[in-house]
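J.: Predicted model, plus sequence, below.
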Amino acid sequence: MLGALGVVYGDIGTSPLYALKEAARAASPEGTVFPDAVLGVVSLILWALILIISAKYAILILRADNRGEGGIVAMLALLHARHARPGTWRAMLLIVGLVGAALLYGDGAITPAISVLSAIEGLKVDAPSLAPLVLPLTTTVLIGLFLMQRKGTGFIGRIFGPIMLAWFVVLAVLGIRGILNAPSVLVAINPLVALDFLVSAGPAVDLAVLGAAFLAVTGGEAMYADMGHFGCVPIRLAWFCIALPALALNYFGQAALLISHPEFADNPFYQLAPDWAHYPLVAFATVATVIASQAIISGAFSLTQQAIQLGLCPGLHIQHTASHEIGQIYMPAVNWLLAAATLGAVFLFRSSDALAGAYGIAVSLLMAITTLLAAMIALRWGYNPLLVVLVNGFFLLIDFIFFAANTTKFFEGGWFPLLLASAVAFLMLTWRNGQRLVQAARAHMRQPEAEFLEVLNRHPPIRLPGTAVYLTSSSHGIPLPLTNFLRHNHALHERLLLVTARSEEVPRVSTEHRVEVMDIAPNVSRIVLHYGFMETPCIPEGVRLAIERGHLVGVEPDELSYYIGRETIIPTERVRGMAVWREAIFAFMQRNAERSAAYFQIPARQVVEVGTEIEI
């Protein structure tokens, strides 16, 4: 539960820095903060937390687990969408899911920017003259955060939980302090207060307030995404016992302060604290926002790793900074692309108020996609269709209301995360379609096993001492590097192993089910290694496991030669596929992807690459 506090609730736990401030401002377009508007806003925030986070995520969505793992990619695996034929409903689900995954990257770029900015802006409460320092300090903190990733975050991760527990305690204490000064604010617990406000405010104000109030629930999707790290029960306990009460108290405390002191509308969070505590609170809030940002960055690494395993993203370099800890990986490309997007958001919008316009639209659409996929999973698992439609339809309606409210902020900055998400989704779909075209081309070029064995019997090649391992993406036919080697050298090794690493639609595969060995002919064996989408394949380890189980007698794992195809993709109009310009993008991604040998953790001294040109 303590670990879940530090990782899962870092983002939503720092929302009080800006959520109620923006919602109160949206509820008061004339500039004067009225008590009725404040009560309506805080009631709306409370019930958004109850309905979206407590009811939908904590109770409903956490049930849609893939053997304990959660998140968009786990949902796609449950629905078996990645092998869907184009034009089918599963193919449409895959596209929807990929858009959802891409939206997480858009959210990941905005969260560190708005969180750290809003924390450091607390300096302006007591010293407005320090305003010019906010942007440089924010940039320094964020650059330090992204630089820290390459060294691993194992030690910091261990202290996340206690720090965030202290943060939630501070939120609760500040909230109680504010409530005691205006206890009448507790009337907003009644949901009718929010309803009355929305009815009386008018459509334009309603949309603005709903869009701003949604900021209070951003970060809730981490409950599902990080389910595999902590389990359902600790995540639910941390929410209902600590996070929800602390957040509710703090929002009500801020509302009470605005009722009695409307002039504090610029930053009610920091004004809750006594004057002497402002600077320590700024420092503490900065630490809390760094923790929230770290969780988002680690989540982006984990999501990318899953997408690579499921063939939705090109192979990228992965460093295991602490292999004994879950999620302790570092991906330089993802880290610095995310850093560029985050720093770009800081310099583009320059304040948390401006960033609030960019925040929310991506998350609200992601929440709607999660609800839709959860409904499809429930139907697949045999739940009553009428019940699924009623329950998920109710939450989907809420998601669409908030999404509609956030679309009004499109020109205020909402375009930014959507632009990032669109670019990521386009690249993912281009990679998947390109891989499909390459597989089709390989299948056409790949020699059938029977034909290959007949050639060997008719024209026996020169036999080289030792064992050669040929990596192949298919469990049928002869890999292209092998046929090319034979054609050019008229020779083969004494023993041949054809190895395929297959990604399964489960998080992890036990070692008992890891290896599958089939003998094709004397001294020619096919090995299929099974990995889950949360695992990083290691071919030498899989081959060693096959040897230890007695499947490959007389094979020395350290003396193997691994032959890997190095493919050059040639875009052409003569072969039916994607548009040539899109094929060129795929070819660029393929050239710059992680080398197969490095991705499969094969020692460089044992690798031989064989070039092949493939037209698509």
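T.: That came through, no problem. Just so we're clear, the structure is a prediction, and the values are computed from it rather than from any experiment.

J.: And Asp126, how far from Tyr270?
T.: Look at Asp126 and Tyr270: by CB to CB, to the nearest Å, they are 9 Å apart. In short, each C-beta sits where N, CA and C put it, glycine included.

J.: Partner strands of the host helix or strand of Ile564, with direction?
T.: Element membership for Ile564 (DSSP states H and E) is strand 561-570. Its sheet considered, strand 561-570 pairs with strand 462-471 (parallel), strand 607-615 (parallel) by DSSP bridges.

J.: tell me which residues in it are buried?
T.: For strand 561-570, the neighbour count (16 or more other CB atoms under 10 Å) marks 562-565, 567, 569 as buried.

J.: Quick check: neighbours shared by Asp126 and Tyr270?
T.: Counting by CB atoms under 8 Å, 6 or more residues apart in numbering, the common neighbours of Asp126 and Tyr270 are His278.

J.: Can you pick out the residue with more neighbours from those two?
T.: Tyr270 (26 against 14; other CB atoms under 10 Å).

J.: Name the surrounding residues that touch the helix or strand that one falls within.
T.: Using DSSP H and E, Tyr270 maps to helix 268-271. For helix 268-271, contacts defined as CB under 8 Å, 6+ apart pick out 16-18, 20-21, 24, 122, 125, 174, 250, 254, 257-258, 261, 264, 278, 281-282.

J.: Which ones among those residues lie within helices?
T.: Assigned to helices by DSSP state H, the following of the contacts of helix 268-271 qualify: 20-21, 24, 125, 174, 250, 254, 257-258, 278, 281-282.

J.: From these, list the buried ones, please.
T.: 20-21, 24, 125, 174, 250, 254, 257-258, 278, 281-282.

J.: Quick one: residues in contact with the strand holding Ile564.
T.: Residues contacting strand 561-570 (CB under 8 Å, 6+ apart): 434, 438, 466-471, 479-482, 485, 493, 539, 583, 586-587, 590-591, 596-597, 602, 606-616.

J.: Report the buried members of these.
T.: Applying 16+ other CB under 10 Å to the contacts of strand 561-570 flags 434, 438, 467-471, 479-482, 485, 493, 539, 583, 586-587, 590, 596-597, 602, 607, 610, 612, 614, 616 as buried.

J.: Tabulate the buried residues of strand 561-570 (CSV), appending distance to Asp399 and pLDDT.
T.: Listed next are the buried residues of strand 561-570 as CSV, based on distance: CB to CB, whole Å; pLDDT from 0 to 100:
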residue, distance to Asp399, pLDDT
Tyr562, 48, 93
Tyr563, 50, 92
Ile564, 45, 89
Gly565, 45, 84
Glu567, 42, 81
Ile569, 39, 84
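
J.: wait, which of those residues is closest to Leu93?
T.: Ile569 (27.6 Å; CB to CB).

J.: In space, what's closest to the closest one - neighbours in sequence excluded?
T.: Leaving aside its sequence neighbours, Ile569 sits nearest to Ala587 (CB to CB, 6 or more residues apart in numbering; 4.0 Å).

J.: So what's the residue count around Gly577?
T.: Around Gly577 there are 21 residues (other CB under 10 Å).

J.: what's it in contact with, if anything?
T.: 433, 437, 583, 616.

J.: and the least confident of those?
T.: Least confident by pLDDT among the contacts of Gly577: that is Ile616, with 79.

J.: Show the average pLDDT along the helix or strand containing Ile297.
T.: Element membership for Ile297 (DSSP H and E) is helix 278-309. Computed over helix 278-309, the mean pLDDT rounds to 86.

J.: contacts for the next helix or strand after that helix?
T.: Counting by DSSP H and E, the element after helix 278-309 in chain order, helix or strand, is strand 319-320. Under the criterion CB under 8 Å, 6+ apart, residues 150, 328-332, 536 lie in contact with strand 319-320.

J.: what's the closest of those to Phe416?
T.: Looking across the contacts of strand 319-320 and measuring by CB to CB, the closest to Phe416 is Met331, at 22.5 Å.

J.: Going by the annotation, which residue ranges form each domain of the chain?
T.: 2-408, 441-615 (automatic domain parsing).

J.: Please state the offset of the first one from the chain centre?
T.: Pointing back at domain 2-408 there. 13 Å (CA atoms, centre = their mean, to the nearest Å).

J.: And Gly68, its phi and psi?
T.: Main-chain torsions, Gly68, degrees, to the nearest 10: phi 100, psi -10.

J.: sorry, that was for Ser503
T.: Phi and psi for Ser503, reported as degrees, to the nearest 10, are phi -90, psi 120.

J.: Can you add distance to Met428 and give the domains of the chain back as TSV?
T.: TSV is the format used below for the domains of the chain (distance: least, CB to CB, whole Å):
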stretch	distance to Met428
domain 2-408	5
domain 441-615	10
